[in-house]
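J.: would you be able to build a 3D model of this:
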Amino acid sequence: MIVSFGSGGISEEGKVDLMERFERLVPLPDVMQGRWVALDDNASELIISGGEINSFGSLVEYDYKLIGIEDGATIVSLKTNDTDQEDAFQQANITELVITPEGEFHAYNVSFSSQFVQVID
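T.: Reported below is the predicted structural model:
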């Protein structure tokens, strides 16, 4: 599968040369769309619809995202424009989403990490 997020950015070795910035309304990669549950806790849900992310029953309030590919993994980093609140943002929200080349989906922040599996309705 070839994933493209605009012009350039990916080196021949699959390393990220540049993570491209996208505003909140731009959808996350297709491979991340849908309803997911934590592998170790089926009650923990992650729902991605377009550019919106609902994590554990709450909408993730982020301003923009960086999207790229590193060693075959699709990576999305959620960011805030408010540098004064960046630490609080990173503690309160999922800030990183990763789909590995093997298809595993992980979400984490500075104090939390979990693997998710997709729910097919």
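J.: so where's the chain uncertain?
T.: Along the chain, the parts satisfying pLDDT under 70 run over 1-18.
J.: does the residue nearest the centre of the chain sit in a helix, a strand or a coil?
T.: Centroid check for the chain by Cα atoms, centre = their mean gives Leu97 as the closest residue, at 2.8 Å. Three-state call for Leu97 (DSSP: H, G, I helix; E, B strand; the rest coil): strand.
J.: who's the closest residue to it other than its chain neighbours bridged to?
T.: Closest residue in space to Leu97, ignoring its immediate chain neighbours: Val76 at 4.3 Å, by Cβ to Cβ, 6 or more residues apart in numbering. For the C-beta atoms, the positions are set from N, CA and C on the backbone; glycine is no exception. Here Val76 sits in beta bridges with Ile67, Leu97, as judged by DSSP bridges.
J.: for beta bridges, what are the partners of Val117?
T.: Val37.
J.: can you tell me which residues contact it?
T.: Trp36, Val37, Leu39, Phe105 (Cβ atoms under 8 Å, 6 or more residues apart in numbering).
J.: tell me who's in contact with the second one.
T.: For Val37, the residues meeting the contact criterion (Cβ under 8 Å, 6+ apart) are Ala43, Ser44, Glu45, Leu46, Phe116, Val117, Val119.
J.: ok, now how distant is Asp87 from Ser113?
T.: 18 Å (Cβ to Cβ, to the nearest Å).
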